[in-house]
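# Got a sequence here, can you build the structure:
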Amino acid sequence: MPASFSPLRFLRQYLLGACALLVLLSGCANRHIIDPRGYDETGTASYYGARHHGKHTASGEPFDQHGLTAAHRQLPFGTRVQVTNLANDKSVVVRINDRGPHTRGRLIDVSRAAAQQLDMLQSGTAKVRVQALSD
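Numbering: from 1, shown residues only. So this is what the prediction gives:
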């Protein structure tokens, strides 16, 4: 056995790799795409902006915090949805171009521009209704 071999180090690396694989697989487990026809859900919205601006979204296009786009876990890319802030009845139409939100309990992440139209910049989150629009 080489002098640099350490069973504890080997076990630690093995367990780290196994954990990473499990995390990767669990992230893909519930990613099935749903039919947007008739989609109408209520939940919590959040927004993302400057920190992600210019980075690629899951659809491959660069994220534009000034555009009217959103991230949803299951709606197909390109789906247009109307998001209505239930506290003030303000609404905006956004196009799904990313996957998320990555925070448990959230329904949708909207761009900063969409959050501004919904008047949720200060609070960061809002209770919303999300309705798919037919093209």
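# Once you drop chain neighbours, what's closest to the most centrally placed residue in the chain?
Nearest to the centroid of the C-alpha atoms of the chain, with distances taken as Cα atoms, centre = their mean, sits G100, at 1.3 Å. Nearest residue to G100, sequence neighbours excluded (Cβ to Cβ, 6 or more residues apart in numbering): A71, at 3.4 Å. (Each C-beta comes from the backbone N, C-alpha and C, glycine too.)
# I'd say the one you found and T103 touch.
No: the pair A71 and T103 does not pass the contact test of Cβ atoms under 8 Å, sitting 10.8 Å apart.
# Those two: which is more packed in?
Neighbours per residue, other Cβ atoms under 10 Å: of A71 and T103, the larger number sits with A71, 26 against 10.
# Report the beta-bridge partner residues of the more buried one.
Going by DSSP bridges, A71 is paired in beta bridges with D98, D109.
# got the contact list for it?
The contact partners of A71, taken as Cβ atoms under 8 Å, 6 or more residues apart in numbering, are 48, 57-58, 96-101, 108-109.
# What segments of the protein are helices?
Secondary structure of the chain (DSSP state H): helices at 7-29, 112-118.
# which stretch in the ones you listed has the least confidence?
Per-stretch mean pLDDT for the helices of the chain is lowest at helix 7-29 (a mean of 65).
# Can you list the buried residues in stretch 98-112?
By 16 or more other Cβ atoms under 10 Å, the buried positions in stretch 98-112 come out as 98-101, 106-112.
# Touching it from outside, list them.
Applying Cβ under 8 Å, 6+ apart, the external contacts of stretch 98-112 come out as 31, 41-50, 57-59, 63-73, 81, 83, 92, 94, 118, 121, 125, 128, 130.
# rerun that using 6 Å as the cut-off
43-49, 57-58, 65, 67, 69-72, 94, 130 (Cβ atoms under 6 Å, 6 or more residues apart in numbering).
# can you give me the strands in the chain?
40-48, 69-71, 80-85, 91-98, 106-111, 125-132 (DSSP state E).
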